[in-house]
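Novice: Structure for this input, please:
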Amino acid sequence: MNASLPIPRLQLYWKLVRLDKPIGILLLLWPTLSALWLASTGRPDWKLVLIFALGTALMRSAGCAVNDYADQDFDRHVKRTADRPLTSGRIRGWEALAIAALLSLLAFLLILPLNLLTKQLSLAALAIAASYPYFKRFFAIPQAYLGIAFGFGIPMAYAAVQGQVPTVAWVLLLANVFWAIAYDTEYAMVDRDDDLRLGLRTSAITFGRMDVAIVMICYGLSLAIIAAVGWQQGLRGWFMAGIAVAAALAAYHYTLIRERRREGCFAAFRNNNYLGAAVFAGIALDYALRQPALA
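Specialist: I've put the predicted structure just below:
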């Protein structure tokens, strides 16, 4: 085998948009699906579920391409990111931007059948996603902005189902901001030394030795808000079981991050997929087991 053979272009693009690492897509997907179920009282239109699932994957992938374009000069100095296709020079900057534009266009085409408000919110979501990578230059806690970007499917879901964005949607978005601060601080703890050397701003740096405590507080606030919303909407047994499982997972994360080791912090970040899944499963099961099957 000739090890010097070039990696096919499509494989490089696949890695650029992180389709080999779908954790980011799932962190967007779970709160979006939870919002669809809550907005429709457990009876979502399956066309909407498909549109939002595909749209989430497309927009997350586009965001990765934009992020790598914005961070290429920093990423080459970070061990974990130095080998990314754009950072390592195996693809050009214009290719990353072209892929981001194409994926964003495909995502917009998906929502063309939906109402005007949903389309308007999608433009706001695009602007937030595109601007996020630059917040690390000056904003002390860019993870809060990430939480808005990763949670904007929540108001969009309510808009698509109800034709409006009620207060509860913004409350759930706030819960997502706290969750994102928790899991992305864990992620930032992995690169803290590199980020300090490069002069980047992250919550792991801003929080300092309070990082672990604040991560746990943010988990608590996020789950408390979601629990209050679900309870107010009449969700009970299965929903609260899902919240309890999520809380247990958050407690497990404490054991992974308390010593601030890179491996433990990264494992905790990845484990958030199960936390989000537990919350969604609790919502879906509570609705499913007390009314007829979803149409």
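Novice: so where does the nearest residue in space to Phe178 that is not next to it in sequence fall, helix or strand?
Specialist: Closest residue in space to Phe178, ignoring its immediate chain neighbours: Ser222 at 3.9 Å, by C-beta to C-beta, 6 or more residues apart in numbering. Every residue, glycine included, has its C-beta placed from N, CA and C. Per DSSP states H and E: Ser222 is located in helix 211-232.
Novice: And Ala169, by the same measure?
Specialist: When secondary structure is defined by DSSP H and E, Ala169 falls within helix 167-190.
Novice: for the helix or strand following that helix, packing partners?
Specialist: Note on helix 167-190: by DSSP H and E, the next helix or strand toward the C-terminus is helix 192-198. Where contact means 3 or more C-beta pairs under 8 Å, 6 or more residues apart in numbering; DSSP states H and E, helix 192-198 is packed against helix 203-207.
Novice: Quick one: list the elements packing against the helix it packs on.
Specialist: Looks like helix 203-207 contacts helix 142-151, helix 167-190, helix 192-198, helix 211-232 (3+ C-beta pairs under 8 Å, 6+ apart).
Novice: Relative to Lys47, which of those helices is closest?
Specialist: Closest of those to Lys47 is helix 167-190, at 20.1 Å (criterion: C-beta to C-beta).
Novice: buried set for the closest one?
Specialist: Judged by neighbour count (16 or more other C-beta atoms under 10 Å), helix 167-190 contains these buried residues: 168-169, 172-190.
Novice: just to revisit the earlier point, list the contacts for the residue nearest to Phe178?
Specialist: 175-176, 178-179, 182 (C-beta atoms under 8 Å, 6 or more residues apart in numbering).
Novice: any chance of these in TSV, plus distance to Ala144 and pLDDT?
Specialist: Putting these into TSV (distance: C-beta to C-beta, whole Å; pLDDT from 0 to 100) gives the following:
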residue	distance to Ala144	pLDDT
Ala175	13	98
Asn176	10	98
Phe178	9	98
Trp179	11	98
Ala182	11	97
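Novice: Show me how far the longest helix along the chain is from its chain's centre.
Specialist: Determined from DSSP state H, the single longest helix within the chain is helix 46-75. Its chain's C-alpha centre and that of helix 46-75 lie 10 Å apart, by C-alpha atoms, centre = their mean, to the nearest Å.
Novice: How about stretch 17-36?
Specialist: Centroid separation for stretch 17-36 versus its chain: 6 Å, with C-alpha atoms, centre = their mean.
Novice: Could you number the chain from 690 rather than 1 from now on?
Specialist: Sure thing, new numbering starts at 690, so read that last one as stretch 706-725.
Novice: re the thing from before, and which of the contacts of Ser911 is nearest Val850?
Specialist: Once C-beta to C-beta is applied, the member of these that ends up nearest Val850 is Asn865, at 17.4 Å.
Novice: From Thr944, how far out is the closest residue to the closest one other than its chain neighbours?
Specialist: Distances taken as C-beta to C-beta, 6+ apart put Gly840 closest to Asn865, at 3.1 Å, once the chain neighbours are dropped. When C-beta to C-beta, to the nearest Å is the yardstick, Gly840 and Thr944 sit 27 Å from each other.
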